[in-house]
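Q: Pasted the sequence and its predicted model underneath.
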Amino acid sequence: AQTVTQSQPEMSVQEAETVTLSCTYDTSESDYYLFWYKQPPSRQMILVIRQEAYKQQNATENRFSVNFQKAAKSFSLKISDSQLGDAAMYFCAYKGETSGSRLTFGEGTQLTVNP
Amino acid sequence: EPEVTQTPSHQVTQMGQEVILRCVPISNHLYFYWYRQILGQKVEFLVSFYNNEISEKSEIFDDQFSVERPDGSNFTLKIRSTKLEDSAMYFCATTGLAGGPQETQYFGPGTRLLVL
C-alpha cells in the first residue's frame, strides 16, 4: 500500500521569507501524481500545486514550487515570499496510476507565518 | 470559478441517528468522492462513485455508509446509525470528465459532523 509521510508537524516562517515543507512517499508504481493541498482555518481543502511523476521538470505556481526527486521518493513544497495568508495546514497527497482513484494523504504540516 | 458545495456546514446528531450529508459537484464533473478527517488526524478516503455506482471504497466504508446521486445533481453520503467515532469533517470531492488518476480532485468546504 502507498504511504505518504510528512515529518514536520509544524513549521514557521517570517513574512517575505522562504520556507520548504517536506514530504516523502512510498510506492511500487512507476506512474503517479503528487499534490499539495492547503487547508486554512476554514478547513476547506484547496489545491496548491500538482506534479506528474513522468515529468522531470518541477512544477511551479507563482510563489509555490516543488522539488520532486523521484528516485528518493521526495516531494517538497517551497513557498517563496511568504504571506500571512499562507498560514494553513498543508497536506501532501499521492494518487497512483493503477491503484485506483483515491488520494492518500500525509499527516499534514501546520505552517505559521510571523509578521 | 466553479466550486463544490456541501450542506450542511455543521451537523450535530445523537448517537444512533441517521444523517445525510449533501454535496453539489462542479457542473459536468462525473466522478465523486467522499473523504473524512477526524480531528487532528489524516484525511482518509471513504468512497468513489461514478455512473451511479461505487467504483472504489475503503475499509472504513462499511454497511453503515451509503452513497447515491438521487436527482442528478446532489451527491449524498448517508450514515445509517451514527456512532461517536463518526464525528469528523466530511469532504466531498469531484473530478472532471476523464476521471482518471491524472485528474485533480476539487474539494468542497466540508461538513463538520458531531455525534453526541
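A: Perfect, thanks for sending it.

Q: Tell me which residues are up against the helix or strand harbouring A:Ser65.
A: Assigned by DSSP states H and E, A:Ser65 belongs to strand A:64-69. Outside strand A:64-69, the residues within contact range by C-beta atoms under 8 Å, 6 or more residues apart in numbering or on different chains are A:20, A:34, A:36, A:48-49, A:51, A:53, A:58-60, A:74-80. From N, CA and C alone the C-beta is placed, and that goes for glycine too.

Q: and if we set it to 10 Å?
A: With C-beta atoms under 10 Å, 6 or more residues apart in numbering or on different chains as the test, strand A:64-69 has contacts from A:18, A:20-24, A:34-36, A:38, A:48-53, A:55-60, A:74-80, A:86, A:92.

Q: So which of those are in strands?
A: A:20-21, A:24, A:34-36, A:38, A:48-52, A:60, A:74-79, A:92 (DSSP state E).

Q: picking that back up, so what strands line up beside the strand holding A:Ser65?
A: Applying DSSP bridges to the sheet, strand A:64-69 is found paired with strand A:60-61 (antiparallel), strand A:74-79 (antiparallel).

Q: Okay, and the most centrally placed residue in chain B sits in which element?
A: Centroid-nearest residue in chain B, with C-alpha atoms, centre = their mean: B:Trp34, separated by 3.1 Å. Using DSSP H and E, B:Trp34 sits within strand B:31-37.

Q: Can you pull the phi/psi pair for B:Ser81?
A: With angles defined as degrees, to the nearest 10, B:Ser81 shows backbone torsions of phi -140, psi 100.

Q: Quick check: closest non-adjacent residue to the residue nearest the centre of chain A.
A: Against the mean C-alpha coordinate of chain A, by C-alpha atoms, centre = their mean, the closest residue is A:Trp36 at 3.4 Å. Distances taken as C-beta to C-beta, 6 or more residues apart in numbering or on different chains put A:Val48 closest to A:Trp36, at 4.3 Å, once the chain neighbours are dropped.

Q: Test my guess that that neighbour contacts A:Met89.
A: No: between A:Val48 and A:Met89 there is no contact under C-beta atoms under 10 Å: 11.6 Å.

Q: shared neighbours, those two?
A: With C-beta under 10 Å, 6+ apart as the test, A:Val48 and A:Met89 both reach A:Tyr37, A:Lys38.
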